[in-house]
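Q: Dropping the sequence and predicted coords here.
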2 protein chains.
Amino acid sequence: MPNIIDADTIFKELKTHSVSEFFRKNSQMLGYSGKVRSLTTVVHEYVSNSIDACEEANILPEISVGIIELSETKYSVHVTDNGPGIPQKIIGRVLATVLSGTKFHRYMQQRGQQGIGGSGCTLFSQITTGKPIHIKSGTGKSAYECDLGIDIKSNKPLIINMKEIDKTFTGLSIYGEFGDVKYENSDHGVYEYVRRTALSNPHAMLKLKDPEGKEFNFIRSVTEMPKRPKASKPHPLGIGTNDLLEFAHLSESRKISSFLVDTFSRLSQNKVDELREIEKSVDFNKEPKEMTWDDAEKLVNAFKKVKWIAPDLDSLSTIGEAQIKATIKNILNPQFMSVVERKPKVFRGGIPFVVEAGIAYGGSAGKEVEGGSKGVLIRFANKVPLLFDGSICAIATAVNEVQWKRYGIKNFDEEPISVLVNVSSVYVPYSGVGKQAVSQEQEIIEEIKLAVMDCARNLQRYMSGERNRHAQASKYNTIIRYVGQLSMNLSEITGMDRGSIEAQLKSLIEGKYKKLFEADNEADENGEKSEMNVKQEDQNTEEED
Amino acid sequence: MPNIIDADTIFKELKTHSVSEFFRKNSQMLGYSGKVRSLTTVVHEYVSNSIDACEEANILPEISVGIIELSETKYSVHVTDNGPGIPQKIIGRVLATVLSGTKFHRYMQQRGQQGIGGSGCTLFSQITTGKPIHIKSGTGKSAYECDLGIDIKSNKPLIINMKEIDKTFTGLSIYGEFGDVKYENSDHGVYEYVRRTALSNPHAMLKLKDPEGKEFNFIRSVTEMPKRPKASKPHPLGIGTNDLLEFAHLSESRKISSFLVDTFSRLSQNKVDELREIEKSVDFNKEPKEMTWDDAEKLVNAFKKVKWIAPDLDSLSTIGEAQIKATIKNILNPQFMSVVERKPKVFRGGIPFVVEAGIAYGGSAGKEVEGGSKGVLIRFANKVPLLFDGSICAIATAVNEVQWKRYGIKNFDEEPISVLVNVSSVYVPYSGVGKQAVSQEQEIIEEIKLAVMDCARNLQRYMSGERNRHAQASKYNTIIRYVGQLSMNLSEITGMDRGSIEAQLKSLIEGKYKKLFEADNEADENGEKSEMNVKQEDQNTEEED
């Protein structure tokens, strides 16, 4: 008989841990794995918080990032913005309490959504250097500075050296020191992160001072604020049984019927009547607080049987077709580009999202490698660059599934091509807490594919046009080469003036090729039209897959 | 002047959320993304908890898994084990409080380590079906059953219908219903998960009843418990400044010197004296509670200057070379296999880990695909199968970096080859909360590569031996084909008996080829010796990379 150990002994060490403690031990899950990635993660968290805050305050963002090397693996990061600042009484909860935030429950597109990022930086500074972060903040009415740490066991803020400062200081300044990090000029480094942020946020002014003291200015290319996404009500198709039940139990409405109208977008009294017809066993007159799981499940099923107007799109904010074109031109200056903004769609039944895609070919598109170029994928979610975990990202899955050969690209990995994709949603389903990849949602993958294929069809037309023009030009050059000899021979035979013959022949040939070029252009235009038809058909069939 | 919105307005919705609420909204981060994966995740959490509990109680595990289809996307999962059970008074914290557990702070190799998995299943059941899970548990002294849910807002358990039952019931039985899931016979499905668990846990008896009612029994192939990993003290090289400071502040020791000896493995009084010599500015006589970050940082740096005995390995438990061979033979029945268990190493300065690898070739190794076979990678961490997120896993990175051509494998994706890797550690650095991939730690990647290359060298020897034998056999067959004709001709010329000539010729040829085969074998043996040398050199150079 083996020596069996009983349950009381086994479980005597049972403990409940704070979420800070969990992330202290598993900081790689927040993006703190690898020295280069860790530094980029810090900059990413601070910069995206700053842009969110500026946009929310209706201020054109001006953000500067300074990185100083303190020792081989220790760097300081200093981020300042011209945003609204953070009120003194809540600074500890905003930047030193994991899972505190304003954005978690809002039905609205924002860069942050978890209430983890900023406090995660405080935690990372603390566990790698033992130091608090230093904050200066001014809201216009008052200003202060302080040092900020986290009491890890309780996930509560530790605020020290709090003092008021002259209220002329406005905005937010965060200074932190971080260990186990490294500044590197790579695809995954801070410079690339800031560059791509500028690309997707043309209304932002971004400055970077690197550890060598070099300054980079990414000047804004528009001076208008992007359309502000509104916090909107959820669409009935975007809701699960559990969510509906939770909304109902928190509701102040007196009846389920009025609760439904108050809580959801597109849900009018008429729709309630339709739902009553479909689901007779639910009592729409009882209090929402009394709704059971069974009621909620029946309602969610009934929602699926009603025809709804598509989700409200005021909650989504894209980069914009013109903006993407301008930035691609600025940065890649390609021979060809095509940009598409798709119509908003829904995933998981009703969470609205929208995909934008762009393709650039030639110029500085793609990435230079030994012996040529290779294709590059530039991923964004809610306009935030995604630099890591590409291999598990829905955007990469979609781009890999495109049959590039159909579009004149023999091998994506051997062409000067850049593909840019931005997925915007009130709720981006990230695959991890570090928010570097969009999880494999089938509807999102399909939509990205369609967007990229839209662009790719234009690319293909350009590529075959290029090939045509190239072929014509080569024929023209071949013929024109014989004109001199032919004119001389004809002049000898006929006794006519050689110069005159040559001029006539040239004019004849050029006339013919001019016509050919025109015909080519007409074909292009017809092609455009028929391509539109094809596109439509494509969409119908492919979306039904 | 734009309409600027002030900070007070922006932050008025600030809220702190419970970790349950966070994972309710982001259940994909726990592995609940995709219907098939979600079901596998549930089984994975329950089965690995059961094996951990049985091993801790010193009981040979007997675990049965039953899956029933309730509707198209709703299934029940019923897992029972013969383990120690869970005491009644803590059941709510163990299975209905996210981040509660016994394993979080132990310095010991176990399957679970976060205190999230089991409670995550309760949460997932609740948000997809609105139902609690049903528990039956008996510890031998008493037994009970109850229903269990989570109060999501507070991350506290909801226990209902608790009642005592006959205490003859022992072990744990969990029944849950889950929505948004699907049973599928794929590489990522429940069957494959259970099969691979059997492969890496030969002491466990596993049963699976699938939704069609088919029963699969994975019989144990050994009846001895695996060597029980011990909870051990951390090695000085495995510790960061922040950890050291935390240990010091919790310590009851009176002096830093005795605190160091009590807390760390391999840290004797002699080593304290060495440390005193190296770091004279730290006062080793003051109370550990008074240790500063500066002190701790100096000590951690001093640790790096001392020569230490390697980490204690009692905290690690491998599958074992003989066991891996037995299971590979059982399941893949290959033409060739090679298994290697490497010596333990450390990563991040001092966290011990050990890698085992096996290669199987031919037989049922690899995966059948149209027109042939393709290579398959079977990943484990602490003997738990990893079925998802392979593309970001350190194990995949390592196997991809092996130059297979050097080992006679032209293209890994076109050969009947299976590579099995198990990484064991007191702390496996998973890349996400769902624990499906080992993060990209360079030391771990290198060690996996060396293990796989060790096996691959044996494979190469087998492959070239095979090619030799194949070539010899083909020559022999060619020559022997002419013996008849030659004997007849010689008989005609010389007048000798044809039969006798033929017999002599055959004996001559066979003699020669016998010698050749023998010579081949000798060369093999010499090859073995010289290969061993090469291997040694390889290791020295490659490990210094």
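A: Structure's in. What do you need? All of these numbers come straight from a predicted model, not from anything done at the bench. Numbers count the residues shown, from 1 in each chain, chains lettered A, B, ... in the order given.
Q: tally of neighbours for whichever residue of the stretch 151-300 of chain A sits closest to chain B?
A: Using CB to the nearest CB, the closest approach of the stretch 151-300 of chain A to chain B is made by A:W293 at 3.2 Å. Glycine gets a C-beta too; all of them are placed from N, C-alpha and C. Applying other CB atoms under 10 Å in any protein chain shown, we find 15 residues neighbouring A:W293.
Q: Chain neighbours aside, what residue packs nearest to it?
A: What sits nearest to A:W293 in space, not counting adjacent residues and going by CB to CB, 6 or more residues apart in numbering or on different chains, is B:G130, at 3.2 Å.
Q: contacting residues around the one you found?
A: A:241-242, A:245, A:293, A:296-297 (CB atoms under 8 Å, 6 or more residues apart in numbering or on different chains).
Q: Need the phi and psi values for A:T40.
A: phi -60, psi -40 (degrees, to the nearest 10).
Q: Verify the contact between it and A:H188 for me.
A: Yes: at 6.2 Å, A:T40 and A:H188 qualify as touching, with contact defined as CB atoms under 8 Å.
Q: And those two? Which one has more around it.
A: A:T40 (27 against 14).
Q: Without its sequence neighbours, what residue ends up closest to A:K131?
A: Using CB to CB, 6+ apart, the closest residue to A:K131 is A:E177 (5.2 Å).
Q: Export the helix or strand hosting that neighbour to PDB, keeping only CA atoms.
A: A:E177 belongs to strand A:171-178 when assigned by DSSP states H and E. Provided in PDB are the C-alpha atoms of strand A:171-178 (Å, rounded to 0.1, in the frame of the first residue of the first chain):
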ATOM      1  CA  GLY A 171      -0.900  67.300 -20.100                       C
ATOM      2  CA  LEU A 172       0.800  64.200 -18.800                       C
ATOM      3  CA  SER A 173       4.500  63.400 -18.400                       C
ATOM      4  CA  ILE A 174       5.600  59.900 -17.400                       C
ATOM      5  CA  TYR A 175       9.200  59.000 -16.600                       C
ATOM      6  CA  GLY A 176      10.100  55.500 -15.800                       C
ATOM      7  CA  GLU A 177      13.300  53.300 -15.600                       C
ATOM      8  CA  PHE A 178      13.100  49.800 -16.800                       C
END
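Q: Quick one: distance of that strand to the chain centre.
A: 25 Å (CA atoms, centre = their mean, to the nearest Å).
Q: swap in stretch A:27-40?
A: Worked out by CA atoms, centre = their mean, stretch A:27-40 lies 20 Å from the chain centre.
Q: Please work out the average pLDDT along it.
A: The average pLDDT within stretch A:27-40 is 87.
Q: what's in contact with it?
A: Contacts for stretch A:27-40 (CB under 8 Å, 6+ apart): A:23, A:41, A:44, A:67, A:73, A:75, A:77, A:116, A:120, A:123-124, A:127, A:178, A:180-184, A:186, A:188-190, A:193, A:387-388, A:432-436, B:429-433, B:439-441.
Q: any weak-confidence spans in the stretch 201-350 of chain A?
A: A:349 (pLDDT under 70).
Q: Do a quick rundown of the strands in it.
A: A:205-209, A:215-218, A:336-341, A:345-347 (DSSP state E, counting those that start in this stretch).
Q: most packed of those strands?
A: The highest mean neighbour count among these, using mean count of other CB atoms under 10 Å in any protein chain shown, belongs to strand A:336-341: a mean of 21.
Q: Which elements pack onto that one?
A: helix A:321-332, strand A:351-361, helix A:442-494 (3 or more CB pairs under 8 Å, 6 or more residues apart in numbering or on different chains; DSSP states H and E).
Q: Compute the number of surrounding residues for the residue nearest to A:K131.
A: Around A:E177 there are 20 residues (other CB under 10 Å).
Q: follow-up on the earlier one: the helices and strands packed on strand A:336-341: which one's closest to B:A360?
A: Taking CB to CB, helix A:442-494 is the member of these nearest to B:A360, at 34.1 Å.
Q: What values do phi and psi take at A:Q335?
A: Torsion angles, degrees, to the nearest 10, at A:Q335: phi -70, psi -30.
Q: Touching, it and A:G362? I think so.
A: Yes: using CB under 8 Å, A:Q335 is in contact with A:G362, at 3.1 Å.
Q: Name the residue in these two with the higher neighbour count.
A: The residue with more neighbours, out of A:Q335 and A:G362, is A:G362; 18 against 13, by other CB under 10 Å.
Q: Now do that one against chain B, distance only.
A: Per CB to the nearest CB, to the nearest Å, A:G362 is found 30 Å from chain B.
Q: same question, A:Q504
A: A:Q504 is 62 Å from chain B, by CB to the nearest CB.
Q: Quick check: phi and psi at that residue.
A: Per degrees, to the nearest 10, the backbone of A:Q504 is at phi -60, psi -40.
Q: Is stretch A:87-94 positioned near chain B?
A: Yes: under the criterion of CB under 8 Å from any CB of the partner chain, stretch A:87-94 makes contact with chain B via A:87, A:90, A:93-94.
Q: Make TSV out of the residues you listed and add secondary structure.
A: Listed next are these as TSV, based on DSSP: H, G, I helix; E, B strand; the rest coil:
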residue	secondary structure
A:P87	coil
A:I90	helix
A:R93	helix
A:V94	helix
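Q: Which residue would be the closest one in the stretch 51-200 of chain A to chain B?
A: Closest point on the stretch 51-200 of chain A to chain B, by CB to the nearest CB, is A:G130, at 3.2 Å.
Q: Quick check, pLDDT for that residue.
A: Confidence for A:G130, expressed as pLDDT, is 91.
Q: Against A:F23, how distant is it?
A: 17 Å (CB to CB, to the nearest Å).
Q: likewise A:A326?
A: 39 Å.
Q: between the two, who's got more neighbours?
A: A:F23 (25 against 16).
Q: Could you look up the SS state of A:I63?
A: A:I63 is classified as strand under three-state DSSP.
Q: Which strand residues bridge it?
A: Beta-bridge pairing for A:I63 (DSSP bridges): A:D81, A:L206.
Q: which of the residues in stretch A:476-488 are buried?
A: A:476, A:483, A:487 (16 or more other CB atoms under 10 Å in any protein chain shown).
Q: Just give me how far the helix or strand containing A:G120 sits from the chain centre.
A: Here A:G120 sits within helix A:117-129, counting by DSSP H and E. Here helix A:117-129 is found 25 Å from its chain centre; the criterion is CA atoms, centre = their mean.
Q: Show me the contact partners of the helix or strand that that helix is followed by.
A: Once helix A:117-129 ends, the next helix or strand along the chain (criterion: DSSP H and E) is strand A:133-138. With contacts defined as CB under 8 Å, 6+ apart, strand A:133-138 is touched by A:85-86, A:88, A:91, A:95, A:121-122, A:125, A:143-149, A:165, A:167-176.
Q: List buried members of the residues you listed by neighbour count.
A: Buried among those (16+ other CB under 10 Å): A:85-86, A:88, A:91, A:95, A:121-122, A:125, A:143-146, A:148-149, A:169-176.
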